[in-house]
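Undergrad: Can you look at this prediction? I've put the sequence above it.
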Amino acid sequence: MDSPAALDAAATNGTPAAAGPPRLYCLGGGEAPPELGADLLRLTRLPAEAVQKLWQVLPPALADAITKETEQLLDVFCAAYRVDEDEFGRAIKACRFVIREGAQRDVPAEAVAQDLERLCPGDTLVQALVLAGYEPAKAQLRQEILKAAVVDHGKLLVGVKWRVDAVHASERGARLQMPVALLTFHFREGADTGRVTLQVLPDMMKELRAVCDKVLA
């Protein structure tokens, strides 16, 4: 992929555009939205204590949907550090945009650093703040992207619960003494969740283990 600088130069017949929107790696070479750089610079106006605690509240705000719990967390943060809610909200939204777009395209931190330099020329604080948690956040977001891509096409196993019981007798026979594993599989399908419980006898448990060994080999 061409660098954003090369794309800028090509768009102006070889003369880099000084006033046009910068092109970013996190957007696949696309132009930055208006005010993105200005909103990121709002981070530099936060109190020092709020700056130090930023990554305590930023991860929940990176989720695909902002929950009421996350909104309450941000409100508490603003109150604790006497931060203007609108100012902080716009800064968080800008961070969220850069980080989520970078994660979607698997953009390395070095390229994001170049994007931030183009958005906020000469400012090192914005780079330091965003990059401080970028790689772990990107890894988490890419896991969520992968799961969502799988869920789009069917059921996805998201959890397993188990219990071992024993069958001692029934109307079919006495002194059976047979252990039975109960496996409950939790799954997601689109926006829905569900579960199914299966009874598994020892011979099938051995077969299941053999299958898992082959899959993970």
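TA: Happy to help now that I have it.
Undergrad: any idea how far the spatially most central residue of the chain lies from Ala109?
TA: Relative to the mean C-alpha position of the chain, the nearest C-alpha, by CA atoms, centre = their mean, is the one of Leu141, at 1.9 Å. As judged by CB to CB, to the nearest Å, Leu141 and Ala109 stand 14 Å apart. In this view, the C-beta of every residue, glycine as well, is placed from N, C-alpha and C.
Undergrad: so where do the strands sit in this protein?
TA: Applying DSSP state E to the chain gives strands spanning 156-167, 178-189, 192-200.
Undergrad: got TSV for these, with mean pLDDT too?
TA: Listed next are the strands of the chain as TSV, based on pLDDT from 0 to 100:
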stretch	mean pLDDT
strand 156-167	93
strand 178-189	92
strand 192-200	94
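Undergrad: TSV for those strands, including mean neighbour count?
TA: Shown next, in TSV, are those (neighbours: other CB atoms under 10 Å):
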stretch	mean neighbour count
strand 156-167	12
strand 178-189	14
strand 192-200	11
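Undergrad: follow-up on the earlier one: skipping its backbone neighbours, what lies nearest the residue nearest to the centre of the chain in space?
TA: Ala103 (3.8 Å; CB to CB, 6 or more residues apart in numbering).
Undergrad: Please apply the same query to Leu73.
TA: Leaving aside its sequence neighbours, Leu73 sits nearest to Val57 (CB to CB, 6+ apart; 5.7 Å).
Undergrad: now Ala139: how far from Ile92?
TA: Note on Ala139: its distance to Ile92, by CB to CB, is 20 Å.
Undergrad: which one of the two has more residues nearby?
TA: Of the pair Ala139 and Ile92, Ile92 is the one with more neighbours under other CB atoms under 10 Å, namely 22 against 10.
Undergrad: Would you mind confirming that the more buried one is in contact with Pro59?
TA: No - under the criterion of CB atoms under 8 Å, Ile92 makes no contact with Pro59, lying 11.1 Å away.
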